[in-house]
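Asks: sequence first, predicted coordinates after that:
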Amino acid sequence: MSGTGIGARVLRKEDFRFITGKGQFTDDVNRYGQAHAVFLRSPHAHAEILGIKLDAARAMPGVIDIFTGDDLAADKIGGLICGWMIHSKDGTPMKAGAHPALAQGKVRYVGDHVAVIIAETQAQARDAMERIVVDYKVLKPGVSMADAVKSGAPVLHEVAPDNTVYNWALGDEAATQAAFAKAAHVTKLDLVNNRLVPNPMEPRAAVGDWDSGQDAFTLYTTSQNPHVARLVLSAFIGIAPEHKLRVIAPDVGGGFGSKIFIYAEETVCVWAAKKIGRPVKWVADRTEAFLSDAHGRDHVTHAEMALDASGKILGLRVKTQANLGAYLSTFSSSVPTYLYAPLLSGQYDIPAIYVEVDGLYTNTAPVDAYRGAGRPEATFVIERMVEVAAREVKQDPAEFRRRNFVRQFPHQTPVIMCYDAGDYDAALTKALEMSDYKNIGARKAESAKKGLLRGIGFSAYIEACGIAPSAAVGSLGAGVGLWESAEVRVNPVGTVEILTGSHSHGQGHETTFAQLVSERLGISIDNVSIVHGDTDKVQMGMGTYGSRSGAVGMSAISKALDKIEAKAKKVAGFVLEASPDDIEFKDGKFSVRGTDKEIDFASVALQAYIAHKFNGQELEPGLKESAFWDPTNFTFPAGVHICELEIDPATGVTRIDRWTAVDDFGNVINPMIVEGQVHGGIAQGVGQALLEGAVYDSSGQLVTASYMDYSMPRAGDLPSYDVGMTQTACPSNPLGIKGCGEAGAIAAPPAVMNAITDAIGHEGIAMPATPLALWRAIQKTAPRAAAE
Amino acid sequence: MASVTLNVNGKSVTRGVDARTLLVEFLREHMRLTGTHVGCDTTQCGCCTVHVNGEAMKSCTLLAVAVDGATITTIEGLAKGQDLHPMQAAFREHHGLQCGFCTPGMIMSAVDMVRRKGTDLDDKTIREELEGNICRCTGYHNIVKAIHYGAEAMGKTGTAAE
C-alpha cells in the first residue's frame, strides 16, 4: 500500500478549495448575459386561481418576461413525477394527482409555485413580483393528517377523493394475529415521528442556459443525482432529448436527501432560458427552502408488540399514517413503504410482523426522503417499543435486546429483508463498556443529589443501505434501476481519472474513491482525480443517497479496476515478453513470476498508448475501462448508540452528557471520514429528538419558516461523541462495505427519547422534547426517581 | 446609485451600486469573491461572515453603503498565497468540514473568536461562541476540535495578534 490506500486516515483532497473560498457552488456560477428568476408562491394552503393579472408587473423596470402554468402547458412541458409505483393492499395503483411545475388552476400548499418573474436583477424581479395580482378563491385546507381523512374533508386531488394515496400493507396478518393470541404480554405505544425540514446549508439553486446554435440546454443545479435529473427532465417533463440536455451539479453544499428530487424551479429555469434566449438563474432564499424543499418524516403510528413469558418477542403489529404533503415528490411514495416497513424487524428475530401504512395528501409541502428515509421512522418504532417492553416486563433494556437479537446469518425477516452479516452482540457489548453502563446507577444518584434527572437510552439500529439490486426494487415498483457506473481512464503518464455516477456533496468521494485507486494500482492519491456531477463527462449514474456511494459506487470502480488490471497485464506481457498469465501485479509493479523482470504501472500505461510492443489485432491500444455494478443485496449497517443525559426538572432543559456510538459499517476506507459522517448523523438525530419540528398552523401557514423559528442544532446544543466500531465484512459487494452516511440520524432519535423517558419515568413525551414540552411532561406525572 | 469605496483583501475598490446592495452582494456579485456564502439571509447561519475593520460581521444583512470606507477581509484574503492561515489549516487537519458551504464563515468567525478570547480555548467557550454559525454536516465535533488547535497554532505563529 502507498500510505493513501484503504483504511488510511487520509486528509481530504477537496478541502483546499473549500477552506480558501474557491469552491464552485451553483450560486457561484454566472453565465454571460444571465437574467434572474424569482417565483411567486401561493400565500394560501388551498385555493383556486381565478385569474392572474400581470400587466403592472410586466411594466416594472428590468422585467424581461413573466410565465405561468399556461405557458408551460402551451409548450407541452409535463408535470413533475413520482418514480415509484406503490399498490394498495387491494391491488389498486397509488392515486397520484398531477403536479405541474407552475400551478394550473389550483394551489395546494403555502409556497406552491404560481408564476416566475424574470428580470435583469433579482431585486427587480422581486419588485415586479409585488405587482402581480392573483385572484384566489380560498378553499378550506386539510393541514393535518387527522383533518385530511375526516369525512367531508377538502379534496386536494380529484383522483384521490378521500385524500388517500394508498392503503399499503406488508407482512403476514394471520400469522401476526396468531402470535398475539398466544402472547403473555402485549406492549402498546402511540408514536409521532415529527416533521423535519432538511436544511442543507446551501439553499437550492439553478442556472438554465440554452445554446441557440446547437439547440442544446445546460442546467447547473444543486443535485445529488444529476443524471436522474436529466432523465426525468428529458423523458418525462420533455425539456429536450438527453443528448441535448447537459446537467451539471458542481460543488453542492449538503443534500441529506432534499436535493435528490426534481423540483419546479430547475425545470422552469432551464425551459425559460430558451424562451427568453438568455441564461436564467434562480437562488432560493432560506424561507423559500423551508417552504418548498421536500420535508422529511411526519408519521403517526400505533404499534403493538407481543411477548412470551420470558420476554421473547413473538410478533409486531404496526399501523402508520404517513403524510406525503400536497403532491407526490420524486421518491416520496417509497419512503413510508419499502424504505420503512422492511426495517421494522430491527436487529431482532421476530417471527411475525404485519404493517399497514396509509399515505395521505395534506395541504403542506411535499414530504420525501430525508437522511435515513423511512429507516429512522422504523428504528424509532422498534427501538421505542423494545425499550418500553423491557421496562414493562422489568428486564434490563440491554439484556432484553440481547435476548431477542438475530444470531444466525443469513437471516430472513418476515418483511422482505435478508440480513447477510452482522454481530449485534459484539456492538452491544462494546457500547456497554465504552459507556460505563455498569456504573449508571451511581451517576443517576449523583445527578439526583444536584436535583437533576439522569436517564440512559439505547438504540440498537439496523438499516438497509447500498440501494439497491435493480431487479428487486423494480419488482417493488421502482421506476429506475439502482446500479452505479464507473469509468477508469488511465492517462499515458500513469495518472488516473475516475468518472463516477455517484455525487459528492460533503461525503469526501474525491478522497475515498482515490484511496481505492491508490490501494489497487499502487499510486499516490495525488495522481488520481475523481470526476463527477456532469452528464457530459460521466455517461450515466444514479447519484448519491441511501448510503450507497461506497457500497455501490465504489464497487463499480472496483469492477472497472479489475478490467484495467487485466488489460495492463496483457500490455506488460508484451513488454516483458511473457504470457499475461505469468504476470503478477503488486505494489504498482508488474513482474514476470519467478524472474526479476518488472515494469511499473506508469510505464505500462505509456506502453498501452504508444502501442509499439503489440499490434492492434492482438490488443487494442489505450487503457480505459468502464463498469456497471448492480448490487446483489442491500447492505445492513447496524450498531448500538447509547445516550446519557440530564434534565433539569425546574426548566425542562436537557443536556446530553455522553454519547456512545458503536457501528458496524463493514470495511472502512477512511476512518476519519466515516467518523465525521457518524457525528453529523447523530447531530441531525438529536436535532429531531430535542429541537426540530416543522409546524403548520391550522390555516396551513408554515410557522417555522426561518432560522429564527425552526430550531437548528447549534454547537452549544450538542455533545462531543464517543465513536467506536465493530466490523463484519459485507458479503454482498467486492469491498465488504456497508455504508455509513445515515446511521447517526437513524440511531439517535430513539436513543434520546429512551433516555428522556428513563429520566422522567413515563412515556408521555413526544419529539421534539423541547424544554417547555419536557417541563410540562415532568409536571404531569411525578417522576419515578422522585417517587422512589 | 450610490458610490461605495472599500478596501477588500488589501485592495481599494470603488463601485457605483444600487443603494440597497448588501455587503455580501457587493463581494459576491461586484467583486466575484464567491467564497462568502449566503445560507439564510436573516443573520442566523453565519455562512456570510467576513471581517469588517477587523471584527467578524454577517454580510447578508449589512448594506454596502453602511460600511463605506471600511476594510474588509473575506475568506479569499486569509491565506498568504499558498500558505494557509493556521485556522484554515486546522479545519483541514481535523476534518472540520464536509460540504464546505458553512466553512468560510466558520473560519472567519473562529479567527475573530481567537482575537477576542485568546488562543487557549476550551470546548465550552468554543461551542458558546459558535452560536451564530450553523453547520448541518459535521455535528460540530470536529469543528470544535479544529478551532481549539487552530487557536493554539495562531498563538504559536503570532497570527492571533494580527
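Replies: Looks like it arrived, so ask away.

Asks: contacts and neighbour counts: CA atoms only from here.
Replies: Noted.

Asks: what about the residue most central in space within chain B, is that helix, strand or coil?
Replies: Nearest to the mean C-alpha position of chain B, by CA atoms, centre = their mean, lies residue B:108 at 2.5 Å. Under the three-state scheme (DSSP: H, G, I helix; E, B strand; the rest coil), residue B:108 adopts helix.

Asks: give the contact list for it.
Replies: B:49-51, B:56, B:74-75 (CA atoms under 8 Å, 6 or more residues apart in numbering or on different chains).

Asks: cool, and residue A:162?
Replies: A:148-149, A:153, A:155.

Asks: most neighbours, which of the contacts of residue B:108?
Replies: residue B:49 (31 neighbours; other CA atoms under 10 Å in any protein chain shown).

Asks: domain ranges for chain B?
Replies: Chain B breaks down by automatic domain parsing into domains covering B:2-77, B:86-161.

Asks: helix or strand for the residue in the stretch 601-750 of chain A that chain B sits nearest to, which one?
Replies: Taking CA to the nearest CA as the measure, the stretch 601-750 of chain A has residue A:680 as its residue closest to chain B, at 4.1 Å. In this structure, residue A:680 sits in helix A:671-686 according to DSSP states H and E.

Asks: pLDDT on that helix, on average?
Replies: With pLDDT averaged residue by residue, helix A:671-686 scores 98.

Asks: where does residue A:128 land in three-state SS?
Replies: Applying three-state DSSP: residue A:128 is helix.

Asks: tell me what the nearest residue in space to residue A:122 that is not next to it in sequence is bridged to.
Replies: Nearest residue to residue A:122, sequence neighbours excluded (CA to CA, 6 or more residues apart in numbering or on different chains): residue A:36, at 5.1 Å. Using DSSP bridges, the beta-bridge partners of residue A:36 come out as residue A:119, residue A:281.

Asks: are the top helix by length along chain B and chain A in contact anywhere?
Replies: As assigned by DSSP state H, the longest helix anywhere in chain B is helix B:141-157. Yes. Helix B:141-157 lies within reach of chain A by CA under 8 Å from any CA of the partner chain, at B:141-142.

Asks: any idea of the angle that helix forms with helix A:671-686?
Replies: 120 degrees (axes from the mean of the first three to the mean of the last three CA atoms, to 10 degrees).

Asks: ok, and what's touching helix B:141-157?
Replies: Against helix B:141-157 from outside (CA under 8 Å, 6+ apart): A:676, A:679, A:719-721, B:86-91, B:93-97, B:110-111, B:114, B:118-123, B:126-127, B:160.

Asks: likewise stretch A:459-472?
Replies: A:343, A:346-347, A:375, A:379, A:383, A:401, A:428, A:480-483, A:546-552, A:630-642, A:738-739, A:743, A:746-748, A:750-751.

Asks: the residue lying closest to residue B:23 once chain neighbours are set aside: how many residues sit nearby?
Replies: Nearest non-adjacent residue to residue B:23, counting by CA to CA, 6+ apart: residue B:64, 4.2 Å away. Using other CA under 10 Å, residue B:64 has 27 neighbouring residues.

Asks: how about residue B:64, what does it touch?
Replies: Residues B:4, B:19-24, B:26 are the ones in contact with residue B:64 under the rule CA under 8 Å, 6+ apart.

Asks: cool, and residue B:138?
Replies: A:676-677, A:679-680, A:683, B:96-98 are the contacts of residue B:138 under CA under 8 Å, 6+ apart.

Asks: recalculate using a threshold of 10 Å.
Replies: A:506, A:675-684, B:95-99 (CA atoms under 10 Å, 6 or more residues apart in numbering or on different chains).

Asks: for residue A:446, same thing?
Replies: A:440, A:452-454.

Asks: show me where pLDDT drops low in the stretch 1-150 of chain A?
Replies: By pLDDT under 70, the low-scoring segments of the stretch 1-150 of chain A are A:1-2.

Asks: for the stretch 151-300 of chain A, what spans make up the strands?
Replies: A:164-171, A:185-196, A:205-211, A:216-221, A:245-248, A:280-283, A:296-307 (DSSP state E, counting those that start in this stretch).

Asks: returning to what we had before: with the contacts of residue A:162 in mind, which one is nearest to chain B?
Replies: residue A:148 (32.0 Å).

Asks: one step back: what subset of the contacts of residue B:108 is also close to chain A?
Replies: B:74-75 (CA under 10 Å from any CA of the partner chain).

Asks: max pairwise distance over the contacts of residue B:108: which two?
Replies: Within these, B:56 and B:75 form the most distant pair, 11.5 Å apart (CA to CA).

Asks: what is in contact with the two at once?
Replies: Common neighbours of residue B:56 and residue B:75 (CA under 10 Å, 6+ apart) are B:48-50, B:105, B:108.

Asks: burial count for residue 55?
Replies: Assuming you mean chain A. 12.

Asks: should've been chain B
Replies: Residue B:55, neighbours per other CA under 10 Å, totals 18.

Asks: quick one: residues contacting it.
Replies: B:49, B:71-73, B:108-109, B:111-113, B:115-116.

Asks: in strands, which of those residues fall?
Replies: Those of the contacts of residue B:55 mapping onto strands are B:49, B:71-73, per DSSP state E.

Asks: among these, which two are most distant?
Replies: B:49 and B:71 (14.0 Å).

Asks: what's the most distant pair in the contacts of residue A:446?
Replies: A:440 and A:452 (14.1 Å).

Asks: okay, the two: which has more neighbours?
Replies: A direct count of neighbours by other CA under 10 Å for residue A:440 and residue A:452 places residue A:452 higher, at 20 against 15.

Asks: low pLDDT regions in chain B?
Replies: Within chain B, not a single segment meets pLDDT under 70.

Asks: any idea where the helices of it begin and end?
Replies: Taking DSSP H as the criterion, chain B carries its helices at B:23-25, B:86-93, B:103-117, B:123-129, B:141-157.

Asks: my read is that the residue of the stretch 601-750 of chain A closest to chain B contacts residue A:723, right?
Replies: No. Contact criterion CA atoms under 10 Å: residue A:680 and residue A:723 do not qualify, at 11.9 Å.

Asks: those two - which one has more neighbours?
Replies: Neighbour totals were compared for residue A:680 and residue A:723, and residue A:680 leads with 25 against 18 (other CA under 10 Å).

Asks: just to revisit the earlier point, which among the helices of chain B is found nearest to residue A:43?
Replies: helix B:23-25 (27.5 Å).

Asks: what does that closest one rub up against?
Replies: Residues contacting helix B:23-25 (CA under 10 Å, 6+ apart): B:17, B:29-34, B:36-38, B:41, B:48-50, B:58-68, B:72.

Asks: about what we covered before: nearest to chain A, of the contacts of residue B:55?
Replies: Taking the contacts of residue B:55 together and measuring to chain A by CA to the nearest CA, the closest member is residue B:108, at 10.2 Å.

Asks: give me the buried subset of the contacts of stretch A:459-472.
Replies: With burial judged by 16 or more other CA atoms under 10 Å in any protein chain shown, the buried subset of these is A:343, A:346-347, A:375, A:379, A:383, A:401, A:428, A:481-483, A:546-552, A:630-642, A:738-739, A:743, A:746-748, A:750-751.

Asks: could you tell me which residues of the stretch 451-600 of chain A lie near chain B?
Replies: Counting by CA under 10 Å from any CA, the stretch 451-600 of chain A sits next to chain B at A:504-508.

Asks: which SSE is the closest residue to chain B within the stretch 451-600 of chain A in?
Replies: Residue nearest to chain B within the stretch 451-600 of chain A: residue A:506 (3.5 Å; CA to the nearest CA). Assigned by DSSP H and E, residue A:506 belongs to no helix or strand.
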